[in-house]
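Participant: got a predicted structure plus its sequence, pasted below:
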Amino acid sequence: QVQLVESGGGLVQAGGSLRLSCAASGRTFSVFPMGWFRQAPGKEREFVAAMSGSGAITTDAGSVKGRFTISRDNAKNTVNLQMNRLEPEDTAVYYCAAGTQIYGLGSIRPSDYDYWGQGTQVTVSS
């Protein structure tokens with residue numbers, strides 16, 4: 001079992017920044033990849049970024065490339081998402097996810113992750 005709790009969401013103006021954090025507990029954190037996903041009203045959950053267990057490999061969606069950065073601190077069991085130059089289109093509920101049954105970098109598919117946080121709302125005003 002893995003428990004995930006996100007924090008750091010909020011309301012920000014376009015062009016601003018937010019930092020999301022996800023605290024994990026329950027299993028050895030450094031052995032499995034972590035991902036961030038988001039879901040806007042009426043849309044499917046979409047991939048944002050992922051990182052391998054060691055933190056050596058990352059990937060992110062084209063829509064956030066150069067603006068969002070995923071990182072993890074295995075000593076503190078946390079994974080973070082630094083979001084810069086936010087746009088109204090980034091408005092969504094953001095979820096962190098743990099993929100205890102996948103390896104390496106992780107996956108862009110939500111179905112490959114078996115543990116999810118409760119989500120944190122990010123709203124970007126224009």
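Facilitator: Good, I have the coordinates. Numbers count the residues shown, from 1 in each chain.

Participant: can you pull the contacts of the closest residue to residue 85 other than its chain neighbours?
Facilitator: Distances taken as Cβ to Cβ, 6 or more residues apart in numbering put residue 67 closest to residue 85, at 4.8 Å, once the chain neighbours are dropped. Bear in mind the C-beta positions are built from the backbone N, C-alpha and C, glycine included. Listed by Cβ atoms under 8 Å, 6 or more residues apart in numbering, the contact partners of residue 67 are 83, 84, 85, 86.

Participant: which one of these sits in the busiest neighbourhood?
Facilitator: Within the contacts of residue 67, most neighbours by other Cβ atoms under 10 Å means residue 83, with 26 neighbours.

Participant: so who does it touch?
Facilitator: Taking Cβ under 8 Å, 6+ apart, one finds 17, 18, 19, 20, 64, 67, 68, 90, 122 in contact with residue 83.

Participant: mind listing what's buried in stretch 65-73?
Facilitator: By 16 or more other Cβ atoms under 10 Å, the buried positions in stretch 65-73 come out as 68, 69, 70, 72.

Participant: scratch that, stretch 103-112 is what I was asking about
Facilitator: For stretch 103-112, using 16+ other Cβ under 10 Å, the buried residues are 105, 106, 107, 108, 110.
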